[in-house]
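S.K.: here is the input, now give the coordinates:
(chains A and B)
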Amino acid sequence: MNYEHRVEAFVSAQPDTEQPAEGTYSFAAMEARWPAIWDELKVFEPLDDGSRERRYVLDMFPYPSGDLHMGHAEAFAMGDVVARYLRQCGYDVLHPIGWDSFGLPAENAAIKRDAHPAEWTYTNIDTQAASFRRYAISADWSRRLHTSDPEYYRWTQWLFLRFYEKGLAYRRNSAVNWCPRDQTVLANEQVVNGACERCGTQVTKKNLNQWYFRITEYADRLLEDMDQLHGHWPERVLAMQRNWIGRSEGAHVKFDVEASGGRGARSVDVFTTRPDTLYGATFFVVAADADLAVDIVADEHHDDLMAYREQIKSLSEIERQSTEREKTGVFLGRYAVNPINGEKLPVWAADYVLAEYGTGAIMAVPAHDQRDLDFARAFNLPVRAVLDTGEPDPAESGVATAGEGTVINSGFLEGLSKTEAIAAASSRLEETGAGETTVNFRLRDWLLSRQRFWGTPIPIIHCGTCGEVPVPDNELPVRLPEGLRGEALSPKGTSPLAAAEDWVNVPCPKCGAPATRDTDTMDTFVDSSWYFLRFASPEFTKGPFDIDAVNRWLPVGQYVGGVEHAILHLLYSRFFTKVLQDLGMVDFNEPFRALLNQGQVLNGGRAMSKSLGNGVDLTEQLDKYGVDAVRLTMVFASPPEDDVDWADVSPSASAKFLARAWRLGQDVTSSTDVDRSTGDQALRAITHRTVADAAELLSNNKFNVVIAKVMELVNATRKAIDSGPGGADPAVREAVETVAIILSLFAPYTAEDLWAQLGREASVAAAGWPEVEEELLVEETITAIVQVQGKVRDRLQVPANIGEEELRALALDSEAVSRSLDGRGIRTVIVRAPKLVNIVPS
RNA sequence: GCCCGAAUGGCGGAAUUGGCAGACGCGCUGCACUCAAAAUGCAGUACCGAAAGGUGUGUGGGUUCAAGUCCCACUUCGGGCACCA
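M.R.: From the prediction side, this is the model:
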């Protein structure tokens, strides 16, 4: 009888005060018992001996800010399901864990409490590691790494030097994004809507000499290789990367800018995607903040230009880039000659043309480009339509026509379509040497240097005579200087490393003369661009990774992480992988074969945040409901990529279900060696159907549905015990063991405990995925649907192998059918044996 | 403006190739056990209707014997990019 298994309110179980009674589901007792056993059995360490096929499952490694939070709990629950499933399927699974442990928050915390960033960082890592263990992540702890360990950043530096040798790391002076609050430069990717991605402060521009990675050289490959990722990465991530790379095809066209004021004529290239509109160019614009503007301005307009440049500087990036703003600009007193027809176009400087994109100069075709049209209207410049699109004249309407049409007013292009004219104009430009087709990218080089302390030092020494000198490989790592802590780290706009004089001043490795170390550190995204490679051989001392080990394990089969890294981390890691491929260090070109973006955990429809005061504390949830219930809730709530609103879910219901599943074990009275084939066939069919469905669902990442299927199996088993064949039936043992194995992916403690209760040896994580007996999936009778005009009128129990004719006859015989036909004749009968008959009345 | 994605009960969400819409769970209602509560178990629960029956997957059209699923046009929401020539 069920009532014998009465349990206490486990939700209010007091783990510290009472031992749970025998036969009681107690998550606290399970959590105390199993981790040590898992450690001892080393269930989660890969064998790497070639006896099994290898799989690599990776969660984006965490940043050690405080303890784990709800977001970690969701992401790692998802990754763990994948890892545990593949392990059950017999693969040798690499599922490592580490920490992205360099970065600003550690530094800010250190300043605040007069400490060293390492203290804060490693304390937090220890806290998180303990929480991960409790959370029962099936990770191989022996491969743990931290990017702030000298043994790790030594190889980050080594890789930087290889990039440097290939010309892929270089230093240049230019206007860069500057965060006034963090007092450091930022990469383009770290500026969101003109604000610092990290702290939200308005970003300003500063001219600085900074280090860059030449990621633009890989733009085409970053774009093309996305072909391999289709269907395996979320479409929106691919779209975001495509947008970010921003490839556009067009032409460079050479315009001669006339001589004046004693200076000679010079030619200026423009980039255009619309060479078909060359005849429609009515003026010429250069970016006001580009040096080019100063170079070509006529003497009498020089002061105007300089005043305008000052005016632009005072604008924030947001204001500057707003499309709402009135167009501004100044005339430069010069004319550019249109190579296609010799026409002289006035040259202007304006801030709507960007110095960093294309050539920093454009030919303006106001009729067919809205921005040019806005400018033309603001300064009374002519508008000439050269493409008839059937829309109103832009000069009248104020709306530029950018669509398809027929070319007009355009000499040799007359009468062509837009596409034809682009081709014709391009080839004419190439023939006459006035231009060439080209491809432009929105992507900029990756600014990697940072004026902060807690990062990987850039291994370069600056010498008065030799210039930039790489630190020799055998002197790596260049360790962070000791002794800097607290106030000494506060941001001053230059790197805190500069203050460590003993560290900065070194002899030049080349000539021995006094020289200085580079005092910038690397963007932490450099550290995380190769950590997934290091996991293949974390102890390797002869290089960043053992090439053989990497080629054995990688690419990562399933990567799991938040969509917030759609561009930053994922683009950078793809770039690193391609460079390493070119260096002959890896034999693949994409690091992550499949990507799963888990959703966020919300509370009441909004992201949890301190400022909103709606955070949910993970540890409190774990203490209250248990690890398994929290994990199960995360996974069951919705498909993995959807958000979970903690206000809408019920961890106590998950706990209830787990207890219910666990109690099944107490009712199994058969021994471990019973002959399953003799068990109740109806229950066996459900069990095997569940295993087959679960496998299919798991391979499609439909984890939430898998849990629904286990719930059904648990319900069916309960029924079989209470009002069916009873607990002694071998089919009941089979069903409950199946429950334990499937549950081991989601609720490892409960599954392990249930498994032990069934008299099986630990660990259920290594039990192996149950084999499906195909014969049990074949149903003998099936419910056939009988429709009249597409509406269900009757259901018939028929043999699964029923013939079409037979089913048709049965359906026509149905009383419900004749009632529904109500005397009407029959036009057609569609029969899809054995499932469906549709009768169409005449 | 351009590019992605989504829309199904009170709620989270299910639904091979077009073939029983609403699996599973939450919530709610009732019942059993209990002095009572909790816990547990069982039953019911898309909407309208007393019922017969009808309606129903964001909106409007279409294809089909049959549409949540395919096609066309839209609406709303979410996300990304955006003075990128």
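S.K.: just for chain A, where's the confidence low?
M.R.: A:1-23, A:259-264, A:316-318, A:321, A:323 (pLDDT under 70).
S.K.: longest helix anywhere in it?
M.R.: Longest helix of chain A, by residue count under DSSP state H: helix A:703-723.
S.K.: contact partners for A:Pro770?
M.R.: Contact analysis of A:Pro770 by C-beta atoms under 8 Å, 6 or more residues apart in numbering lists A:688, A:691, A:737-738, A:741. Yep, even glycine has a C-beta here, placed from its N, CA and C like the rest.
S.K.: can you flag which of those belong to helices?
M.R.: A:688, A:691, A:737-738, A:741.
S.K.: which one of these is nearest to A:Lys344?
M.R.: A:Val691 (79.1 Å; C-beta to C-beta).
S.K.: so the closest one touches A:Thr738, yeah?
M.R.: Yes - A:Val691 lies in contact with A:Thr738 (C-beta atoms under 8 Å); the separation is 6.1 Å.
S.K.: distance check, A:Leu571 against A:Leu222.
M.R.: 7 Å (C-beta to C-beta, to the nearest Å).
S.K.: what sits in contact with each of these two?
M.R.: A:215, A:241.
S.K.: next up, the contacts around the spatially closest residue to A:Val778 that is not a sequence neighbour.
M.R.: Distances taken as C-beta to C-beta, 6 or more residues apart in numbering place A:Ala800 nearest to A:Val778, at 7.1 Å, with adjacent residues excluded. Taking C-beta under 8 Å, 6+ apart, we find A:Ala800 in contact with A:778-782, A:834.
S.K.: what do you get for A:Asp675?
M.R.: Per C-beta under 8 Å, 6+ apart, neighbours of A:Asp675: A:Pro730.
S.K.: enumerate the residues of the stretch 351-500 of chain A near RNA strand B.
M.R.: Selection of the stretch 351-500 of chain A residues close to RNA strand B by C-beta under 7 Å from any atom of the strand yields A:351-354, A:357-358, A:360, A:362, A:369, A:371, A:374, A:440, A:442.
S.K.: buried subset of those?
M.R.: Buried by 16 or more other C-beta atoms under 10 Å: A:351-353, A:357-358, A:360, A:362, A:369, A:371, A:374, A:440, out of these.
S.K.: now stretch A:83-90: buried residues?
M.R.: So, applying 16+ other C-beta under 10 Å, buried residues of stretch A:83-90: A:83-89.
S.K.: ugh, wrong one, stretch A:799-818
M.R.: Buried residues in stretch A:799-818, counted by 16+ other C-beta under 10 Å: A:802, A:807-808, A:810-811, A:814, A:817.
S.K.: what do you get for stretch A:383-400?
M.R.: Quick answer for stretch A:383-400 (16+ other C-beta under 10 Å): A:383-387, A:389, A:394, A:400.
S.K.: cool, stretch A:290-310 as well?
M.R.: A:290, A:292-294, A:296-298, A:301, A:304-305, A:308-309.
S.K.: end-to-end on that stretch?
M.R.: The straight-line separation of the ends of stretch A:290-310 (C-alpha to C-alpha, to the nearest Å) is 13 Å.
S.K.: circling back: can you pick the most crowded of the contacts of A:Ala800?
M.R.: Greatest neighbour count in these, by other C-beta atoms under 10 Å, goes to A:Pro834: 21 neighbours.
S.K.: what sits against that one?
M.R.: A:Pro834 neighbours (C-beta under 8 Å, 6+ apart): A:782, A:784, A:798-802, A:807.
S.K.: mind listing which of the buried ones among the residues of the stretch 351-500 of chain A next to RNA strand B are in helices?
M.R.: A:371, A:374.
S.K.: so which of the buried ones among the residues of the stretch 351-500 of chain A next to RNA strand B belong to strands?
M.R.: A:362, A:440 (DSSP state E).
S.K.: can you pick out the most distant pair from the buried ones among the residues of the stretch 351-500 of chain A next to RNA strand B?
M.R.: For these, the farthest-apart pair by C-beta to C-beta is A:Asp374 and A:Asn440; their separation is 22.2 Å.
S.K.: ok, back up a step: between the buried residues of stretch A:383-400, which is closest to RNA strand B?
M.R.: For those, the minimum distance to RNA strand B (C-beta to the nearest atom of the strand) is 10.7 Å, reached by A:Ala400.
S.K.: the stretch 101-250 of chain A: helices as residue ranges?
M.R.: A:104-112, A:117-134, A:150-165, A:219-224, A:235-245 (DSSP state H, counting those that start in this stretch).
S.K.: now the first one against helix A:117-134, angle please.
M.R.: Calculated by axes from the mean of the first three to the mean of the last three C-alpha atoms, to 10 degrees, helix A:104-112 forms an angle of 130 degrees with helix A:117-134.
S.K.: convert the C-alpha atoms of helix A:104-112 to PDB, please.
M.R.: Extracted as PDB, the C-alpha positions of helix A:104-112 are listed here (Å, rounded to 0.1, in the frame of the first residue of the first chain):
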ATOM      1  CA  LEU A 104      38.400  44.300 -14.400                       C
ATOM      2  CA  PRO A 105      36.100  43.400 -11.600                       C
ATOM      3  CA  ALA A 106      38.900  41.700  -9.700                       C
ATOM      4  CA  GLU A 107      40.900  44.800 -10.000                       C
ATOM      5  CA  ASN A 108      38.100  47.100  -8.900                       C
ATOM      6  CA  ALA A 109      37.500  44.900  -5.900                       C
ATOM      7  CA  ALA A 110      41.200  44.900  -5.000                       C
ATOM      8  CA  ILE A 111      41.300  48.700  -5.100                       C
ATOM      9  CA  LYS A 112      38.200  48.900  -2.900                       C
END
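S.K.: ok, residues contacting that helix?
M.R.: Against helix A:104-112 from outside (C-beta under 8 Å, 6+ apart): A:63-65, A:115-121, A:182, A:184, A:198, A:452-454, A:485-487, A:489-490.
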